[in-house]
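Asks: the sequence and its predicted three-dimensional model are supplied below.
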2 protein chains.
Amino acid sequence: MIWLDAGTPALLGLDWGSSSLRAWLMDARGIILHVHYARQGILNLPDGGFAQVLSDILTQWRLDDPVPMLACGMVGSINGWLEVPYLPCPAAMSQLANGLGLQSTAYGPLHIVPGVVKDTPLPDVMRGEETQIVGMMGTDGDGHRTVVLPGTHSKWAQVEGQAITDFRTFMTGELYAVLMQHSILGRLPATMPPDAGQRDEAFVMGVRTALSGVPLAGRLFSARAAVLRNRLERACAADYLSGLLIGDEIQTGMTAMDITPPVLVGEQALCQRYQLAFTALGHHAPPVAGNTAPAGLFRLAQAAHLLDLPPTHFHDQKGAVA
Amino acid sequence: MIWLDAGTPALLGLDWGSSSLRAWLMDARGIILHVHYARQGILNLPDGGFAQVLSDILTQWRLDDPVPMLACGMVGSINGWLEVPYLPCPAAMSQLANGLGLQSTAYGPLHIVPGVVKDTPLPDVMRGEETQIVGMMGTDGDGHRTVVLPGTHSKWAQVEGQAITDFRTFMTGELYAVLMQHSILGRLPATMPPDAGQRDEAFVMGVRTALSGVPLAGRLFSARAAVLRNRLERACAADYLSGLLIGDEIQTGMTAMDITPPVLVGEQALCQRYQLAFTALGHHAPPVAGNTAPAGLFRLAQAAHLLDLPPTHFHDQKGAVA
């Protein structure tokens, strides 16, 4: 089989979350040869679905020889394919690489990255983000950094050198979704769809409530009261609420943790919203690193010596693929 | 018609909210002769439903002569029977009494209590609670008090003498409901139903997270993480979350406002949970005043001289009832 303008497949990396799956086929330098994206999250699969999805991906990419396989995310949770225990924080990249779980498949072993846990001051966990953070380390030298991963359950993590030293979860995305879909704040029927400028304005207005001195629980209701008082267009209430929650996350994150200049890791449009919120609160807009999961998977595969193994390692487990 | 062991009907008071209606028939001393309670909130009524409900209540109580009628709550909102403008905070009882709206009905005028609004530091509104607070004033002398009204949208109000001088809304009850019903925090299937002691323990554990130094948005996810870490029984996650939210409300309320000893106003079981939370945070358990809405309606009716009007005032508008 001939790969035009690309290296030989050397690693199948998977970020297998609750609602979606991303897979990358990489060469020995970490260059991405193929990408697969689908709503095949672990909560969307039938029984036995893990093996079938993996088989479909490998078939689709017509891999003649097996490659090392490394997955991160909820696939390693109690509801996943194989539960891989959390590692305690601080967690170094080398510890993550040494803590990989091993799920046997028809195509050889699937390695799975452990999550990270801390128990003080309150219990908190991550699973999947540790790999994105490792991907950030790889492009970011050995200093002390704050990595912000916006999302359903946003994570703010402290990184020193090659270790995750602290982190905290904010339920920003999920709070926004449930409040818009199910609370009184979402029952504000829009009249006219707002333009982008109006939406940004309402977003920033929401962000700036973080400077009011009123704590979050006392600010949420202002999304409704501001509409009742004609301070806010009904159609912009969603943007105001989004700003209110993201502003709270940033204000809290920037004051509560031992903060170094942050870097945003994640989906472009959401990271841009966060950049706007950072500036509305008087901070510099952090750089956006995009999705660092494939880089993290590649670095962990290197650290675990998965790329050093002879092809026979995989052939021993399965003679040939497809 | 003969009223045994009771005075002559002198006031029909209604607390007409979004989801429920409570009505009290009172004599000239404010003693309650009859109570009506139904899920006839303004959001549950068909078009024209207001007049029908009122007619049903008066018919049920066989009132031979019309009585003054005073309502508070969402019946005075834009979605109610008649929109009555908010009064700005600080709002004295006399201002509320002078600001009553007037809806004509087949049984004479229905007076409606205005809500109260403040626009700084953030917009906030109340509608219905002002009447409960007035009812509190009536039993509580002329001092400076904090009145806490737990509920879907909890209110913390400052009262000086006969005026509401400040207030703040916490979406505690609604946050709890939407998070339990629609977020990942509610998707923690219970194994065995816990006993009351275990539930109180989990509740207090949640309350005490308010002392962790971690802000609310960063604490919510601990309800999930604590279960994953076996620090919390799945079946007790609801109580933990309830404690977490109520604890945050109390901790915020007691530090952010100019606090005097609080009094709890509202439903008995919920007020008892709040008492437990106050003590878990090192405060005295506030006294519970119960439902002060009928007392507030009576005091406002007195202040508005509704009870002084001759019966002909009502007969002028409607010859006789039923």
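Replies: Good, I have the coordinates. No experiment lies behind these values; they were computed from the predicted model shown.
Asks: please make it C-alpha for all contacts and neighbour counts, starting now.
Replies: Noted.
Asks: state the pLDDT value of the residue lying farthest from the centre of chain A.
Replies: The outermost residue of chain A, judged against the average C-alpha position, is A:Arg229 (37.8 Å), by C-alpha atoms, centre = their mean. For A:Arg229, the model assigns a pLDDT of 88.
Asks: residues contacting it?
Replies: Taking C-alpha atoms under 8 Å, 6 or more residues apart in numbering or on different chains as the criterion, A:Arg229 is in contact with B:Pro123.
Asks: how near is it to A:Leu14?
Replies: 49 Å (C-alpha to C-alpha, to the nearest Å).
Asks: same check on A:Leu220?
Replies: Distance check for A:Leu220 against A:Leu14: by C-alpha to C-alpha, it reads 37 Å.
Asks: now A:Gly99: phi and psi?
Replies: Per-residue torsions, A:Gly99: phi -100, psi 10 (degrees, to the nearest 10).
Asks: the closest residue to it other than its chain neighbours: what secondary structure?
Replies: Nearest non-adjacent residue to A:Gly99, counting by C-alpha to C-alpha, 6 or more residues apart in numbering or on different chains: A:Pro114, 6.3 Å away. The local conformation at A:Pro114, judged by DSSP: H, G, I helix; E, B strand; the rest coil, is coil.
Asks: got the end-to-end distance for stretch A:57-76?
Replies: 19 Å.
Asks: oh, that last question was meant for stretch A:91-100, not what I typed.
Replies: Terminal residues of stretch A:91-100 are spaced 13 Å apart (C-alpha to C-alpha).
Asks: try stretch A:8-21
Replies: Stretch A:8-21 has an end-to-end distance of 23 Å (C-alpha to C-alpha).
Asks: please see if it touches chain B.
Replies: No - if you take C-alpha under 8 Å from any C-alpha of the partner chain as the test, stretch A:8-21 misses chain B, and the best it gets is 11.1 Å.
Asks: average model confidence for that stretch?
Replies: pLDDT averaged over stretch A:8-21 gives 94.
Asks: which other residues reach that stretch?
Replies: Outside of stretch A:8-21, the residues within contact range by C-alpha under 8 Å, 6+ apart are A:22-28, A:33, A:36-44, A:67-75, A:128, A:293-294, A:297-298, A:301, A:307.
Asks: any of those buried? List them.
Replies: A:22-27, A:33, A:40-42, A:67-75, A:128, A:293-294, A:297-298, A:301, A:307 (16 or more other C-alpha atoms under 10 Å in any protein chain shown).
Asks: from these, which land in strands?
Replies: Secondary structure of these is defined by DSSP state E; positions in strands are A:Arg22, A:Ala23, A:Trp24, A:Leu25, A:Met26, A:Asp27, A:Leu33, A:Met69, A:Leu70, A:Ala71, A:Cys72.
Asks: Provide the count of other residues in contact range of the closest residue to the fifth one other than its chain neighbours.
Replies: What that stands for is A:Met26. Distances taken as C-alpha to C-alpha, 6+ apart place A:Ile32 nearest to A:Met26, at 4.4 Å, with adjacent residues excluded. The number of residues packed near A:Ile32 is 20, by other C-alpha atoms under 10 Å in any protein chain shown.
Asks: mind listing what A:Ile32 touches?
Replies: Contacts for A:Ile32 were tallied using C-alpha under 8 Å, 6+ apart; they are A:Trp24, A:Leu25, A:Met26.
Asks: need the contact list for the first one.
Replies: What it means is A:Trp24. A:Trp24 makes contacts with A:Leu12, A:Gly13, A:Leu14, A:Ile32, A:Leu33, A:His34, A:Val35, A:His36, A:Pro294, as judged by C-alpha under 8 Å, 6+ apart.
Asks: from the residues you listed, which is closest to chain B?
Replies: Checking those against chain B with C-alpha to the nearest C-alpha, the nearest one is A:Leu14 at 23.3 Å.
Asks: mind checking the SS state of the closest one?
Replies: Secondary structure for A:Leu14, judged by three-state DSSP, is strand.
Asks: burial measure for it, as a count.
Replies: A:Leu14 has 27 neighbours, counted by other C-alpha under 10 Å.
Asks: now swap in A:Pro123 and tell me
Replies: 21.
Asks: hmm, B:Ala225 and it touching each other?
Replies: Yes - between A:Pro123 and B:Ala225 there is a contact under C-alpha atoms under 8 Å: 5.3 Å.
Asks: and the ones in strands among the buried ones among the contacts of stretch A:8-21, which is closest to chain B?
Replies: Closest approach between those and chain B, by C-alpha to the nearest C-alpha: A:Cys72, at 18.0 Å.
Asks: quick check: A:Val35 is in a strand.
Replies: Yes - assessed by three-state DSSP, A:Val35 belongs to a strand.
Asks: show me the contacts for it.
Replies: Neighbours of A:Val35 in contact, by C-alpha under 8 Å, 6+ apart: A:Arg22, A:Ala23, A:Trp24, A:Leu25.
Asks: and for A:Leu306?
Replies: Contact partners of A:Leu306, counting by C-alpha under 8 Å, 6+ apart, are A:Pro68.
Asks: quick check: phi and psi on it?
Replies: According to degrees, to the nearest 10, A:Leu306 has phi -70, psi -30.
Asks: the residue nearest to A:Gly99 contacts A:Pro88, doesn't it?
Replies: No - judged on C-alpha under 8 Å, A:Pro114 makes no contact with A:Pro88 at a distance of 10.1 Å.
Asks: looking at the two, which has the bigger crowd around it?
Replies: Between A:Pro114 and A:Pro88, counting by other C-alpha under 10 Å, A:Pro114 is the more crowded of the two (30 against 16).
Asks: how near is the more buried one to A:Pro123?
Replies: For A:Pro114, the distance to A:Pro123 (C-alpha to C-alpha) stands at 17 Å.
Asks: try A:Leu96
Replies: A:Leu96 is 19 Å from A:Pro123, where distance means C-alpha to C-alpha.
Asks: what of A:Arg273?
Replies: To A:Pro123, A:Arg273 is 28 Å away according to C-alpha to C-alpha.
Asks: and the strands in chain A?
Replies: So, for chain A - with DSSP E - the strands run A:9-16, A:21-27, A:32-38, A:69-72, A:87-88, A:91-92, A:101-105, A:108-112, A:116-118, A:124-126, A:144-149, A:154-160, A:163-170, A:262-264.
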